[in-house]
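Asks: My questions are about this predicted structure, shown below with the sequence.
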Amino acid sequence: MPMQTASHSPAAERHLQAAHAHETAAASHDKNDHIGAHEQSKLALEHSREAHKLSEELAKQAKETIKG
(Lines give C-alpha, C1' and ligand atoms only; values in the text may rest on other atoms or scores of the structure.)
Protein backbone atom coordinates (compact mmCIF):
# COMPACT_ATOMS: atom_id res chain seq x y z
CA MET A 1 0.00 0.00 0.00
CA PRO A 2 2.85 2.53 -0.25
CA MET A 3 1.30 3.85 -3.46
CA GLN A 4 -1.94 4.65 -1.65
CA THR A 5 -0.07 6.47 1.12
CA ALA A 6 1.87 8.52 -1.41
CA SER A 7 -1.29 9.50 -3.28
CA HIS A 8 -2.91 10.71 -0.06
CA SER A 9 0.04 12.89 0.93
CA PRO A 10 -1.11 16.13 -0.79
CA ALA A 11 -4.53 16.00 0.87
CA ALA A 12 -3.03 15.09 4.22
CA GLU A 13 -0.52 17.94 3.92
CA ARG A 14 -3.33 20.44 3.28
CA HIS A 15 -5.20 19.14 6.34
CA LEU A 16 -2.07 19.65 8.44
CA GLN A 17 -1.60 23.16 7.03
CA ALA A 18 -5.22 23.97 7.86
CA ALA A 19 -4.76 22.72 11.42
CA HIS A 20 -1.64 24.84 11.84
CA ALA A 21 -3.45 27.92 10.51
CA HIS A 22 -6.28 27.30 12.99
CA GLU A 23 -3.77 27.09 15.85
CA THR A 24 -2.09 30.29 14.69
CA ALA A 25 -5.47 32.01 14.43
CA ALA A 26 -6.33 30.98 17.98
CA ALA A 27 -2.99 32.29 19.27
CA SER A 28 -3.50 35.59 17.43
CA HIS A 29 -7.00 35.90 18.84
CA ASP A 30 -5.69 35.29 22.36
CA LYS A 31 -3.26 38.18 21.80
CA ASN A 32 -6.17 40.42 20.68
CA ASP A 33 -4.80 40.42 17.13
CA HIS A 34 -8.20 39.98 15.54
CA ILE A 35 -7.06 40.99 12.06
CA GLY A 36 -4.25 38.42 12.14
CA ALA A 37 -6.64 35.82 13.51
CA HIS A 38 -9.08 36.55 10.69
CA GLU A 39 -6.36 36.19 8.04
CA GLN A 40 -5.20 32.89 9.53
CA SER A 41 -8.78 31.64 9.64
CA LYS A 42 -9.19 32.48 5.96
CA LEU A 43 -5.96 30.59 5.21
CA ALA A 44 -7.21 27.59 7.20
CA LEU A 45 -10.43 27.58 5.20
CA GLU A 46 -8.49 27.72 1.92
CA HIS A 47 -6.31 24.77 2.96
CA SER A 48 -9.37 22.82 4.08
CA ARG A 49 -11.09 23.40 0.76
CA GLU A 50 -7.98 22.30 -1.13
CA ALA A 51 -7.74 19.16 1.01
CA HIS A 52 -11.39 18.38 0.33
CA LYS A 53 -10.92 18.84 -3.41
CA LEU A 54 -7.86 16.57 -3.43
CA SER A 55 -9.71 13.95 -1.41
CA GLU A 56 -12.63 14.02 -3.84
CA GLU A 57 -10.25 13.58 -6.78
CA LEU A 58 -8.62 10.60 -5.08
CA ALA A 59 -12.01 9.02 -4.39
CA LYS A 60 -13.00 9.47 -8.04
CA GLN A 61 -9.75 7.87 -9.21
CA ALA A 62 -10.27 4.96 -6.82
CA LYS A 63 -13.79 4.36 -8.13
CA GLU A 64 -12.52 4.41 -11.73
CA THR A 65 -9.77 1.96 -10.84
CA ILE A 66 -12.26 -0.44 -9.24
CA LYS A 67 -14.62 -0.24 -12.22
CA GLY A 68 -12.02 -0.58 -14.89
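Replies: Sure thing, it's come through. Please read all numbers here as calculations on a predicted model, not as lab measurements.
Asks: ok now do the residue nearest to Ser48 when sequence neighbours are not counted, which residues does it touch?
Replies: Leaving out its chain neighbours, the residue that sits closest to Ser48 by Cβ to Cβ, 6 or more residues apart in numbering is Ala18, at 4.4 Å. Just so you know, the C-beta spots here come from the backbone N, C-alpha and C atoms, and that holds for glycine as well. The contact partners of Ala18, taken as Cβ atoms under 8 Å, 6 or more residues apart in numbering, are Ala44, Leu45, His47, Ser48, Ala51.
Asks: And the residues you listed, which is closest to Lys67?
Replies: Ranked by distance to Lys67 (Cβ to Cβ), the contacts of Ala18 are led by Ala51 at 24.9 Å.
Asks: how close does that closest one get to His34?
Replies: In this view, Ala51 and His34 are 26 Å apart by Cβ to Cβ, to the nearest Å.
Asks: higher neighbour count, the two?
Replies: Ala51 (19 against 11; other Cβ atoms under 10 Å).
Asks: Name the SS class of the closest residue to the more buried one other than its chain neighbours, please.
Replies: Nearest residue to Ala51, sequence neighbours excluded (Cβ to Cβ, 6+ apart): Arg14, at 3.5 Å. Three-state assignment for Arg14 (DSSP: H, G, I helix; E, B strand; the rest coil): helix.
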